[in-house]
Each structure stands twice: as structure tokens, then as C-alpha cells.
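Colleague: predicted structure and sequence below. I'll ask about it afterward.
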Amino acid sequence: MKDHKPFTFAGLWEEWKPPEGDPLRTCTIITCAANDMLKPYHERMPVILPADVRWLWLDTDARIPELQSWLVPYTAGEMACHPVARLVNKPDVDAPECIAPLAG
């Protein structure tokens, strides 16, 4: 985000038991069509929830139509992007260099 504040992805989780084995907890990040900033890179993007609804997303009494209304591309003008090193493509690497802007 341009303001460098934390943001929230919309996601779902479930605990279930496969036919054989212990119960599993699984989760997913919900996606939507990409906004104008991200379209050049991919056709989809994670749903980013506005700060004023992030806790409502977790409310077990929330109504489905209200939740669905938030499953839209986030406003591109509030986001920022910059090129990063290809290091970000290595799943075994978790380091600040993965998100650092490329020099010059």
C-alpha cells in the first residue's frame, strides 16, 4: 500500500477429516479480477479488504451478500508497486531482499 500500513486479504479456512488420517486445517486466499495496476502482471489478484471491514469479515453473523460485496479489485490508486529480484520466486527463501526494490 502507498501508506505502508498493514492490509488484509480475504480468506477462508476449514477443519475437516479426510477418510484416513487426522483432522486437517486448510485455508485459501480469495482472488478476484486484477485491478489496473496488476493487470499487466496477472489476470487475478488477492481480494484486499478495506480497513473498515476487516473485522466484519471475521464476524460469524455477517450476511453472505454483504461479504460478497467486498470481493472486488482493490483501488489501484491506493497501491504501489516496484520491481524486485527474482529471489522472490524461490519458495525456500524468506528474507527482506524478496520485497526490496531493485537498485537503479
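Modeller: Here it is on my side, so go on. Residues are numbered from 1 along each chain as shown.
Colleague: now do the strands in this structure.
Modeller: Along the chain, the stretches classed as strands by DSSP state E are 8-9, 11-16, 24-29, 31-33, 44-46, 48-49.
Colleague: got the contact list for the fifth one?
Modeller: Translated: strand 44-46. F9, A10, I29, I30, T31, C32, A33, A34, N35, L38, P73, Y74 (Cβ atoms under 8 Å, 6 or more residues apart in numbering). Just so you know, the C-beta spots here come from the backbone N, C-alpha and C atoms, and that holds for glycine as well.
Colleague: for the second one, same thing?
Modeller: Under the criterion Cβ under 8 Å, 6+ apart, residues P23, L24, R25, T26, C27, T28, I29, I30 lie in contact with strand 11-16.
Colleague: what pairs with that strand, parallel or antiparallel?
Modeller: strand 24-29 (antiparallel) (DSSP bridges).
Colleague: pLDDT on the strand it pairs with, on average?
Modeller: What strand 24-29 shows for mean pLDDT is 96.
Colleague: if we can go back for a sec, top of the contacts of strand 11-16 by neighbour count?
Modeller: With neighbours taken as other Cβ atoms under 10 Å, the top of these is I30, carrying 15 neighbours.
Colleague: and that one, what is it in contact with?
Modeller: F9, A10, G11, L12, P46, V47, L71.
Colleague: and with 7 Å instead?
Modeller: Counting by Cβ atoms under 7 Å, 6 or more residues apart in numbering, I30 touches A10, G11, L12, V47, L71.
Colleague: next, count neighbours for the last one.
Modeller: A total of 13 residues lie near L71 under the criterion other Cβ under 10 Å.
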